[in-house]
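Colleague: Show me the folded form of this:
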Amino acid sequence: MGTTSMRLVCAILFAVICVNHKGILALSQQDVASTGVAPTQIPSQSQSQAQPQTHSQQHLRYHARGNLRHNTALSATPSPAQQHSEIKELMTNLHDRVGVLATLDEDQRHRLEVIDKKMDQLLESSTDRMESLKVQQLNFQQRLDSFEHIQRLTRTTLDELKDLSRQTRQAPEQSPQVAKNMATIFNRQPAAAAAVFNGTQLDVNGRLDALATLLVSLAYNVKETQKNTNIIKRRLAQRGKGQGQSARLPQSSSVGLPTSVDELATSCLQSYLAVKGILKLQLTPESESFYVPCEDDGWTVIMRRSADDLSFERSWLEYREGFGNLAGDFFIGLDKLHALTSSALHELRIVLEDFEGNVAYAGYDAFAISGEREFYTLQLLGQFQDQLVPSAGDSLSYQAGAKFSTFDNDNDNCLECNCAHRHKAAGWFNSCGTSNLMGVYHAQNPSQAGETGIFWDTFQGKNYSLRSVKMLIRPVAQDEARR
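Modeller: Residues are numbered from 1 along each chain as shown. Got it, this is the predicted structure:
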């Protein structure tokens, strides 16, 4: 009910009250004028006992009693001033109630507008998510087509090998050149190779199978040998640095490999296993392995921003799997980040740099996120480490406990907005946030980027977009992890 309707109702009620008031006054005047009736003779008790009353006499008696009661009621009628005061009080109460109804109507209308806006945002995010799923489906179809193409090529190759085997069976024996090539492969004399691979002893299929098995085994052995050699070199070099002298590999090739060759790297604290700063992690023997970039002191880089060639305004699926180049700008992926922070207690460090070259640090002594069922909630954010110098200040604790949000999956605590749309980014938004590390990269006019840029509120403010940002995690129990 709107304000205009309320005013109309008030006007109608006021008119009705005024009409009733005038009617009451008119009736009271008529009653006063009609009271001039001759008093009725009421017989005494002795007379009534002496002679019976007729019907007309009883009627006059009742009429006289009614006039008496009516005159008594008119004598108790309030004055016009009292009636005006009562009507005024009634109108005041009515006005107050109408005001309350109008306020409730405005609140209800505002809530309906908020619900409509939220529904529009939900529809928009659902549309974006459907588009993302379509892109993923298209990529899957392309991969499937590629696999089918490889399968066709494999069948063609097998047919060619079958034709080749038929042609070879018709030849009585191999040429000297083929025997020489086989001897080179198997490190044998030409005569012995010709004897082994003579058509009378082995058919072509058997020779092809034996050759394929040998090549696969040889390639696997070479790969394992190179891997073990690199591991031994790095371990000896690490020990040599710790003892202040250079380490050398044993010259004898018969030295057995150490028992720790098959050691699984679970964090960048085992950086001696890394190659060019990239380490392959396998948290458990049953889990899938993945690569991460490592830095000194056992820090694992989980996100890096340094240029505008990679957009971070991406879908929920892309943030779940991760994207970018580990050697450049990238995000590790929420599934991997959840696996890392669930395997051990980690601390978090954030490195920020503006376009003037000023670098600041923000650190927290604990950090962990939940799984996808809980929308990757920032379930653990420890105490801010103010001993880091220069300090960037604390601009993340406000988001502690918030769920992860993207433009196609709104999980923030803002009832009237979508923080991912508002900041053109993704992240742990409360309502919305005091930092936006996954925002838009503004190389031009970074001081006027606004809330869509890469900002850290306590370092250069919300309107300044930073030049570079880096997020790193490290297991807290360093000494125990090293042992």
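
Colleague: so who does Ala307 touch?
Modeller: By Cβ atoms under 8 Å, 6 or more residues apart in numbering, the contact set of Ala307 is Gly328, Asp329, Tyr441. Bear in mind the C-beta positions are built from the backbone N, C-alpha and C, glycine included.

Colleague: Can you list phi and psi of it for me?
Modeller: Per-residue torsions, Ala307: phi -160, psi 170 (degrees, to the nearest 10).

Colleague: just the one 10 residues further on next, same as before
Modeller: Backbone geometry at Leu317, expressed as degrees, to the nearest 10, gives phi -60, psi -40.

Colleague: Relative to Asp335, how far out is it?
Modeller: Distance from Leu317 to Asp335, counting by Cβ to Cβ, to the nearest Å: 11 Å.

Colleague: Same question for Ser287.
Modeller: 11 Å.

Colleague: More neighbours: the two, which one.
Modeller: More crowded of Ser287 and Asp335, by other Cβ atoms under 10 Å: Asp335, with 17 against 13.

Colleague: Does that one belong to a helix, a strand or coil?
Modeller: Taking DSSP: H, G, I helix; E, B strand; the rest coil as the rule, one finds Asp335 in the helix state.

Colleague: Can you verify my assumption that it contacts Glu321?
Modeller: Yes: using Cβ atoms under 8 Å, Asp335 makes contact with Glu321 at a distance of 6.9 Å.

Colleague: Show me the shaky parts of the stretch 251-400 of the chain.
Modeller: 251-263 (pLDDT under 70).

Colleague: all helices for it, in order.
Modeller: Taking DSSP state H, counting those that start in this stretch to define them, one finds helices in the stretch 251-400 of the chain at 316-321, 334-343.

Colleague: Which residues outside the shortest one are in contact with it?
Modeller: Helix 316-321 is touched from outside by 129, 132-133, 136, 331, 333-335, 372, 404, 406, 408-409, 426, with contacts defined as Cβ under 8 Å, 6+ apart.

Colleague: Can you list the helices and strands that the strand of greatest length in the chain packs against?
Modeller: Ranked by number of residues, the top strand in the chain under DSSP state E is strand 359-368. Counting contacts by 3 or more Cβ pairs under 8 Å, 6 or more residues apart in numbering; DSSP states H and E, strand 359-368 is packed against helix 334-343, strand 346-353, strand 380-381.

Colleague: Out of those, flag the one nearest Glu295.
Modeller: Closest of the helices and strands packed on strand 359-368 to Glu295 is strand 346-353, at 9.8 Å (criterion: Cβ to Cβ).

Colleague: got the CA positions of that closest one in PDB?
Modeller: Below are the C-alpha coordinates for strand 346-353, written out as PDB (Å, rounded to 0.1, in the frame of the first residue of the first chain):
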ATOM      1  CA  HIS A 346      51.400 -23.400   6.800                       C
ATOM      2  CA  GLU A 347      52.200 -19.700   7.300                       C
ATOM      3  CA  LEU A 348      51.400 -17.100   4.700                       C
ATOM      4  CA  ARG A 349      53.500 -14.200   3.400                       C
ATOM      5  CA  ILE A 350      52.500 -11.600   0.800                       C
ATOM      6  CA  VAL A 351      55.000  -9.400  -1.000                       C
ATOM      7  CA  LEU A 352      53.700  -6.100  -2.500                       C
ATOM      8  CA  GLU A 353      55.400  -3.600  -4.700                       C
END
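
Colleague: quick check: angle from that strand to strand 359-368?
Modeller: With axes from the mean of the first three to the mean of the last three Cα atoms, to 10 degrees as the basis, strand 346-353 and strand 359-368 are set at 160 degrees to each other.

Colleague: Which neighbours in the sheet does strand 346-353 have, and how are they oriented?
Modeller: According to DSSP bridges, strand 346-353 forms sheet pairs with strand 359-368 (antiparallel), strand 468-475 (antiparallel).

Colleague: quick one, which of those is packed in tightest?
Modeller: For the strands paired with strand 346-353, average neighbour numbers computed from mean count of other Cβ atoms under 10 Å are highest in strand 468-475, which has a mean of 21.

Colleague: which residues make contact with it from outside it?
Modeller: Strand 468-475 has contacts (Cβ under 8 Å, 6+ apart) with 267-269, 295, 297-306, 337, 340-341, 344-353, 367, 437, 454, 456, 481.

Colleague: among the residues you listed, which ones are buried?
Modeller: Buried subset of the contacts of strand 468-475 (neighbour count, 16 or more other Cβ atoms under 10 Å): 267-269, 295, 298-305, 337, 340-341, 344, 346-353, 367, 437, 454, 456, 481.

Colleague: And stretch 276-292, what's buried?
Modeller: With burial defined by 16+ other Cβ under 10 Å, the residues of stretch 276-292 counted as buried are Leu279, Leu281, Leu283, Phe290, Val292.

Colleague: Please name the bridge partners of the residue nearest to the last one when sequence neighbours are not counted.
Modeller: Spelled out, it's Val292. Excluding its sequence neighbours, the residue lying closest to Val292 (Cβ to Cβ, 6 or more residues apart in numbering) is Thr300, at 5.2 Å. For Thr300, the beta-bridge partners are Cys294, Ile473 (DSSP bridges).

Colleague: how close does Ala362 sit to Gln282?
Modeller: 30 Å.

Colleague: The closest residue to Ala402 other than its chain neighbours: neighbour count?
Modeller: Distances taken as Cβ to Cβ, 6+ apart place Trp428 nearest to Ala402, at 4.2 Å, with adjacent residues excluded. Neighbourhood size, Trp428 [other Cβ under 10 Å]: 25.

Colleague: which ones are touching Trp428?
Modeller: Counting by Cβ under 8 Å, 6+ apart, Trp428 has contacts Thr377, Leu378, Gln399, Ala402, Lys403, Phe404, Ser405.

Colleague: Would you agree the fifth one is in contact with Asn409?
Modeller: No: between Lys403 and Asn409 there is no contact under Cβ under 8 Å: 9.2 Å.

Colleague: any residues in contact with both of those two?
Modeller: Common neighbours of Lys403 and Asn409, counting by Cβ under 8 Å, 6+ apart, are Phe375.

Colleague: contacting residues for Leu381?
Modeller: Contacts of Leu381 (Cβ under 8 Å, 6+ apart): Leu348, Tyr364, Ala366, Phe367, Leu396, Ser397, Gln399, Ala400, Gly401.

Colleague: Give me the spatial nearest neighbour of Phe404, chain neighbours excluded.
Modeller: Tyr376 (4.0 Å).

Colleague: Look up how far Tyr319 lies from that neighbour.
Modeller: With Cβ to Cβ as the criterion, Tyr376 and Tyr319 are 8 Å apart.

Colleague: shared neighbours, these two?
Modeller: Joint contacts of Tyr376 and Tyr319 (Cβ under 8 Å, 6+ apart) are Leu334, Phe404.

Colleague: what about Lys162, how many residues close to it?
Modeller: Neighbours around Lys162, by other Cβ under 10 Å: 12.
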